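**Student:** attaching a predicted model along with its sequence, questions to come.
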Amino acid sequence: MNSNQKASTTTTDHSNQIDDQEALFTARNLSEESDKSTGEITASALGTGFEDNDIECATEEEENGRGKAMTKSSLRSLSDNKLTFVNCNYSKTADSTSTKTTTRKQQQQQQGTPAASIHPIMRASSIMSLPPELPPALTPYSAISKSPGYWTWYRPLGLLFATLMAVIFLTFITILSPIVLVFIIIQKVRAISRKPHTDPRDVKVAIIGAGWTGMQVMLRLREYGVQVQGYEKWNDCGGCWHPNGSYHGMQLHAPMFVNSFDNHKYEEHDKEKINGKLNGAEFHKYMRDVMEKEDLRRLYKFNADVMSLHYNSETKKATIDVSDENDVISTDGPFDLVLYTGFTTRPKVPNFPGQENFEGTILHAQQLDEETFYDILDTKKKVAVLGGNKSAADMVLLFQRKGYEGFNWIYRNAYLLAKMEVVVGPKSATRAFLGMLHLLVILVSGLSMRFARFLMWCIGSAWTFDSSGSMKPEKFNFGCLCPIQRKDLEKVDRSRMFKADIDTLEPKGIKLTNGKLLEADVLLLGTGSTSGMGDLSLIKDGKDYTLEGSKKILNYMFLRDFPALALSYLTFFDFGPMRGIYVADLAMYHLCVQKKDLTEKQINSISRWQFGSSQDPTLTMIEDPLTPLAALCLVNVGLVLTGLVDFVSFLNHAVSVLCLGKQIPVNFHVLSNLKKVKPGDQR
């Protein structure tokens, strides 16, 4: 049996468990239709961490004594897969990063406890009544299309000001239109003149990760005939939507027209569905359906954890060491490129002062599965939720909607969140008007995030659960809430909300910097996640290679001195799976079109026009000081200025998403001379 067949067989062994879990959601949703309940919870893109830049990562020595955050964790898994952590010191400045990978079995041995066996079908007695904290499989557009409280006395003034700014901007563009037109023509001619030096069918690429980015990258590369091989450490596709990577009640934070795969639109002709939101289980099912329809499963090795990457600077090829479910390590390759697509792989778990004395349990959001949630309720544990981001708000909503009174909410700053129904929606005259204003917001964010936030307030698309005091404008990581979610968060008792830092952990609770002492049996962390790239050992020409903040990035995701590795988490290209289109097309440009053996002068010239991506390969875009909104603006401006992306195509893409309620891929006209192949024509 070859490795692909073996991976497929392993995945099949676990498919019944995943199907059972999704069947549970389906049964509850059928009950929901008769109940007409509107309870729901959003998903966080777990990378939107709580004060990510204020968390100092621990050294390896500190991690060995990490305390009860690990020893008391109840890790869930459908198999003996790996869930790893970044252990961090709870402080105000970022320093060094050290990561460590352990298998679940090793973690249990360290704990001295037997392996936890959590069956995917839990609390079967509640199957016939949907718990109020759970979202339905699909929240239709009609349930979230209205924006209550939108029209206030100052809203017309705000819209008038934003419209005036848009008119000024359009006037400026009109004046410059002759220059812009000449620029477009020149870039078009240059793009057409760029001939590929390598046939994509001769290129071999490894894709690490089977989340929505990894899957979309594979779909796109196959169109060019690239030889692709995927690796996923868990037993199925999904990424943060896989049961191992999601939390109880997880849900998409944007409509399905934004989160659909290219050429696989979810219920495209049903306005209620394509503009509605799915819960985590339903979206995972959609991802599995796409994988089956496109026959991607045979191209992936599941339960395959990539341990190390070896680069040979003479051959310019890379090989990878892969550990399977039996901890047997094999070497695959050589590859022309290894694409790392992980974005929210490793939970961040801070080290708190006094943590060793805390008698309770510390859990990250990713560990809050259904069993753990109901155990907290059944045993009436006192809970403290830490974080001001969306994942923290999600956990608070779980307890609030359940009517549970034993929780408190601690946060340093309340994140700025977007009103989903104001930002995106189906095509209409109102949508076209608001969409043009939001396009202005994105463009302005590249110059001033503070002014962009003010424009969001003028338009009426900004919201926060705590408007008291100052709010840092950079704390906007594309988190979106629908009207139902905002309404339920506004019901949270203010006496349970504490805008403060954690001073120390006491045996029976948490001491805050404002002097208050909160009782707590469980501390739930909405502290975000990181890429997990630190788990991958890098070897260049037989010597260890270390990712450092000083490493220079080429074309947004390639290391200059390790060109066989691409890190897709460095740049916020686009929303949803469509991000994978950018990643794949940049890979094609890097491998097949861009001049080989660039000089240092040429590299520096290219880098000068590279805006919007993290220049620190150890940080994801969410962790980088540059905000995701500004990054989205600057990276697309940079792609246009360097001639990689057609300006008209970029404008069409932006207008389609914001004004017309549809998602279309951006055209990399620099690849216009690359021919796409028919299925089966790959070498």
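**Tutor:** Nice, thanks for sending it over.

**Student:** V645 versus the nearest residue to Q610 once chain neighbours are set aside, what's the distance?
**Tutor:** Nearest non-adjacent residue to Q610, counting by Cβ to Cβ, 6 or more residues apart in numbering: G638, 5.5 Å away. (Each C-beta comes from the backbone N, C-alpha and C, glycine too.) Remark: distance between G638 and V645 (Cβ to Cβ, to the nearest Å) = 9 Å.

**Student:** those two: who's more crowded?
**Tutor:** When neighbours are counted by other Cβ atoms under 10 Å, G638 and V645 differ, and V645 comes out ahead with 26 against 21.

**Student:** need the pLDDT of the closest residue to that one other than its chain neighbours.
**Tutor:** Closest residue to V645 apart from its sequence neighbours, by Cβ to Cβ, 6+ apart: L639 at 4.0 Å. L639 is assigned a pLDDT of 87 by the prediction.

**Student:** and if you look at E267?
**Tutor:** E267 is given a pLDDT of 87.

**Student:** hmm, it is touching I274, no?
**Tutor:** Yes: assessed by Cβ atoms under 8 Å, E267 is found in contact with I274 at 5.4 Å.

**Student:** for the stretch 201-350 of the chain, what spans make up the strands?
**Tutor:** Remark: strands assigned in the stretch 201-350 of the chain by DSSP state E, counting those that start in this stretch are 204-208, 227-232, 277-278, 300-302, 305-312, 317-323, 329-335, 337-340, 346-351.

**Student:** where among the ones you listed is average confidence lowest?
**Tutor:** Across the strands of the stretch 201-350 of the chain, the lowest-scoring stretch is strand 346-351, with a mean of 88.

**Student:** elements contacting it?
**Tutor:** Helices and strands touching strand 346-351, by 3 or more Cβ pairs under 8 Å, 6 or more residues apart in numbering; DSSP states H and E, are helix 68-71, strand 86-90, strand 361-364, strand 522-525, strand 529-530.

**Student:** one step back: any residues in contact with both of E267 and I274?
**Tutor:** M256 (Cβ atoms under 8 Å, 6 or more residues apart in numbering).

**Student:** these two: which is more packed in?
**Tutor:** Neighbours per residue, other Cβ under 10 Å: of E267 and I274, the larger number sits with I274, 20 against 16.

**Student:** from P426, how far off is the more buried one?
**Tutor:** 8 Å.

**Student:** need the helix or strand of the protein with the lowest average pLDDT.
**Tutor:** Within the chain, no helix or strand scores below helix 68-71, which has a mean of 34 by mean pLDDT, DSSP states H and E.

**Student:** show me the shaky parts of the stretch 101-250 of the chain.
**Tutor:** 101-133 (pLDDT under 70).

**Student:** apply 90 and report the result again.
**Tutor:** 101-138, 173, 176-195, 240, 243-250 (pLDDT under 90).

**Student:** can you map out the helices along it?
**Tutor:** 104-111, 141-144, 155-175, 177-193, 212-223 (DSSP state H, counting those that start in this stretch).

**Student:** got the contact list for D321?
**Tutor:** Going by Cβ under 8 Å, 6+ apart, D321 touches V306, M307, S308, L309, H310, I329, S330, T331.

**Student:** just the buried ones among those, please.
**Tutor:** With burial judged by 16 or more other Cβ atoms under 10 Å, the buried subset of the contacts of D321 is V306, S308, L309, H310.

**Student:** reformat these as JSON lines; add distance to D616.
**Tutor:** Output for the buried ones among the contacts of D321, formatted as JSON lines (distance: Cβ to Cβ, whole Å):
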{"residue": "V306", "distance to D616": "22"}
{"residue": "S308", "distance to D616": "22"}
{"residue": "L309", "distance to D616": "19"}
{"residue": "H310", "distance to D616": "23"}
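
**Student:** what is the nearest of those to L660?
**Tutor:** V306 (39.6 Å; Cβ to Cβ).

**Student:** would you agree that closest one is in contact with I320?
**Tutor:** Yes: in this structure, V306 is within contact of I320 by Cβ under 8 Å, at 5.3 Å.

**Student:** overlap of the contact sets of these two?
**Tutor:** Common contacts of V306 and I320 (Cβ under 8 Å, 6+ apart): Y231.

**Student:** so where do the helices sit in the stretch 251-400 of the chain?
**Tutor:** Under DSSP H, counting those that start in this stretch, the stretch 251-400 of the chain gives helices at 256-259, 271-274, 280-293, 370-378, 390-402.
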